[in-house]
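In: build me a model from this:
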Amino acid sequence: MVLKLLVIVVKKYRIPFIFLAAWCTVAMVSGQDAGSGIVAFKNVRLIPMTSDKVMENQTVLVRGDRIFRVGSAEHLEIPKEAVIVDGTGKYLMPGLADMHVHLVSKTWETPEANMFLANGVTTIRDLTQGTGAMSIKKWCEDFRSKKRLGPVTYNAWTIWGTEHNIAEIIPACKRNRYDCIKIDDYITKKDFYETVRRGRDSGIYIAGHIPYTVNVDDVISAGMDELTHVELFPVVLASNLIQGNKDKMPREKLDEEVITNAFKLLEPVSRQNSPSYIDSLHRMLDREIGKLKGKNITVITTLVADEILALKYNDTLKLKSKPQNKYLPGKFWDDLRKGKDKNSYFIGHEKCADVFYDLVVYAFGELKKNDIPLVAGTDAATILGIVPGFSLHDELQLLVKAGFSPYEAIRSATHDASQVIKKMTGEDDFGTIETDKRADLILLDRNPLEDISSIRRPAGVMASGVWLPEEKLIQLLEVKRKLAYSVLQEVMAKTNSADSVIGEYKRLSANNDLNEYFLNEYSLTSVGYDLLIKNKLDDAIKILSFNAGEYPYASNPYYFLGEAYWAKDDKKTAAGYFKKALSFDPNYDPAIKALRR
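Out: Numbers count the residues shown, from 1 in each chain. Sure, this is the predicted structure:
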């Protein structure tokens, strides 16, 4: 696969011949086309992240996707067949992890996976809401198997709290092997306690927001493992002020109450900047944060999300001047200009966004002071204007500015991130440079313990044993993504053949090493649906059956298969497929309605 990738990229991007030697290293190191698959990082200044020390003149040996030996360059023997990366004068540190991202958006022109790897982000945890999580399970497998280049990915299932059948979500997530549960804002207090209890009884890691219906005391007593933003602490000050029975309030009313109360808290600061009033807000945060001390609840940072919020409404020019924002899709800027941005409720309260960010930074400092575990994450997503990969470097710099040392900031995105994954899955195989750890590495020209921004420009990245020299990282960012479903629909229109569509899907999938095509379960489901409404039932069934095999955790293909068999008057088979769809998402409304029908 890697040699094929080499040929494709060299031809497509007209890479000069002098780069071929470096690119051949990629093929050899992968362990798929070379004899031993050993690579040696020779004579590096090692930052193992087991401490804040730099170890001089070290050699790190990698075989396959694992580090198998670390030692002094003077004494560690390098196998003759090894590919050598000369690290003289350079620093080698573990790959980074972003523990709060949202994949699945088809609006990125540059593939998210490429942006992560180009920035040394070799591990991510996706917290996507909705059916997109089902496609991401397939992506997790693709990245781990090296079918496509991408970071090792863990993914969650989100519980909004508005679902009709919350009790069945935990068993479904356990059955379908999601790595954790994320609880969102709208769950009732009773369902919150029940969900956390079921999760703990099932051995599922529970992360999420502080729902509007509960408070910090409830988070502690229920036994949540993690809160997914520092910003939740200023938000909880607003949700604590809601009057009446919050469990009975519809989602829209809860949002309205929280926003109204937030502005009541923030406006006096934006208008008067009274030190005594600011102190009173700080004392409120102190009380809430102090409750977490010693409770072993991790908090994900996401400071960059709140900085971007403040910039969107108070300094758009500075936001646009950030080099990485050239990767943001035009729709983000259009929505911001037209007042359709996700956070448009700040219009008319623009200074409150600055005040909110200041409170988030203060909350971070209090969390640090109280020894609450803090792990780096960004909330990377198009809708928020947070660019994958690049944003983690912003996050690390913000963490240093807010009080972390460079070592603490890097640790929060390496060793400490791995400890969260260990709680989630039992795995603790990244985040430090030690024997038997996953070979996720970043080679740097300067010492990041002295200047955190040094990590922004890697001299190379190793992702699960695949070595990506600087030239390759640059090329990854030049890939322009296409939507596979458009290609597949064109094939169907030209050939009127389900077999041709499936064949084209297989071709795109087999040649998608660089993530050039956006492939998810919708890519084929959309074609199957078009055939279904045209009453071309046998073709629809052929495509949807193939798609169900490609995305075995997705509800949509099974639901539409049920509709196709229903149209053929085979109600027994249809019901079986509707039930299969519900086995992946117990609240999949179309299948629920179909079974009632």
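
In: tell me the spacing between the nearest residue to Ile166 once chain neighbours are set aside and Asp247.
Out: Setting aside the residues directly before and after it, Ile166 is nearest to Asp191 in space (C-beta to C-beta, 6 or more residues apart in numbering), at 5.1 Å. C-beta coordinates here come from the backbone N, C-alpha and C atoms, glycine included. Note on Asp191: its distance to Asp247, by C-beta to C-beta, to the nearest Å, is 9 Å.

In: kindly check the end-to-end length of stretch 215-229 for me.
Out: End-to-end distance of stretch 215-229: 15 Å, with C-alpha to C-alpha, to the nearest Å as the criterion.

In: still on that earlier bit, what is the burial count for the residue nearest to Ile166?
Out: Residues lying near Asp191 (other C-beta atoms under 10 Å) number 20.

In: and Leu303, what is it in contact with?
Out: 230, 360-361, 364, 395, 398-399, 402 (C-beta atoms under 8 Å, 6 or more residues apart in numbering).

In: export those residues to TSV and tack on neighbour count, secondary structure and distance to Met134?
Out: Formatted as TSV, these follow (neighbours: other C-beta atoms under 10 Å; DSSP: H, G, I helix; E, B strand; the rest coil; distance: C-beta to C-beta, whole Å):
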residue	neighbour count	secondary structure	distance to Met134
Val230	28	coil	29
Val360	27	helix	32
Val361	17	helix	36
Phe364	25	helix	34
Glu395	28	helix	28
Leu398	24	helix	33
Leu399	25	helix	33
Ala402	19	helix	36
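
In: out of those, who's nearest Leu265?
Out: Relative to Leu265, the closest of these is Val360; by C-beta to C-beta it sits at 13.2 Å.

In: Tyr565 against Tyr577, yeah?
Out: Yes: with contact defined as C-beta atoms under 8 Å, Tyr565 counts as touching Tyr577 (6.5 Å).

In: list the buried residues for the longest helix along the chain?
Out: Assignment by DSSP state H gives helix 251-272 as the longest helix of the chain. Neighbour counts over helix 251-272 (16 or more other C-beta atoms under 10 Å) mark 254, 257-258, 261-263, 265-266, 268-270 as buried.

In: re earlier: check which helix or strand the residue nearest to Ile166 maps to.
Out: helix 189-201 (DSSP states H and E).

In: now what about that helix, what contacts it?
Out: By C-beta under 8 Å, 6+ apart, helix 189-201 touches 159, 161, 166-167, 169-171, 181, 183, 187, 205-206, 211, 213-214, 218, 222-224, 246-247.

In: now list the buried members of the residues you listed.
Out: Neighbour counting over the contacts of helix 189-201 (16+ other C-beta under 10 Å) leaves 159, 161, 166, 169-170, 181, 183, 187, 205-206, 211, 213-214, 218, 222, 224, 246-247 as the buried ones.

In: where does the residue of the chain positioned farthest from its centre sit: helix, strand or coil?
Out: The centre of the chain is farthest from one residue, Asp569, which by C-alpha atoms, centre = their mean lies 42.3 Å away. Of the three states, Asp569 takes coil under DSSP: H, G, I helix; E, B strand; the rest coil.

In: likewise for Ile442?
Out: State at Ile442, reduced to three classes by three-state DSSP: strand.

In: near it, how many other residues are there?
Out: Ile442, neighbours per other C-beta under 10 Å, totals 25.

In: next one: it relative to Ala381, how far apart?
Out: Counting by C-beta to C-beta, the gap from Ile442 to Ala381 is 24 Å.

In: go on, Val375?
Out: Taking C-beta to C-beta, one finds Val375 at 18 Å from Ala381.

In: kindly report the same for Phe192.
Out: As judged by C-beta to C-beta, Phe192 and Ala381 stand 25 Å apart.

In: also Ala167?
Out: For Ala167 relative to Ala381 (C-beta to C-beta), the value is 29 Å.

In: equivalent analysis for Val527, please.
Out: On the measure of C-beta to C-beta, Val527 and Ala381 end up 27 Å apart.

In: thought Ile297 was touching Asp225?
Out: Yes: judged on C-beta under 8 Å, Ile297 makes contact with Asp225 at a distance of 6.8 Å.

In: quick one: contacts for Ile455?
Out: Contacts of Ile455 by C-beta under 8 Å, 6+ apart are 93, 96, 120, 393, 396, 410, 442, 444, 448.

In: what is the burial count for Asp499?
Out: Counted by other C-beta under 10 Å, the residues lying close to Asp499 total 12.

In: in which helix or strand would I find it?
Out: If you go by DSSP H and E, Asp499 is part of helix 498-510.

In: give me the helices and strands touching that helix, please.
Out: Where contact means 3 or more C-beta pairs under 8 Å, 6 or more residues apart in numbering; DSSP states H and E, helix 498-510 is packed against helix 484-495, helix 521-533, helix 537-550.

In: as JSON lines, those with mean pLDDT would be great.
Out: As requested, these are arranged in JSON lines below (pLDDT from 0 to 100):
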{"stretch": "helix 484-495", "mean pLDDT": "96"}
{"stretch": "helix 521-533", "mean pLDDT": "95"}
{"stretch": "helix 537-550", "mean pLDDT": "97"}
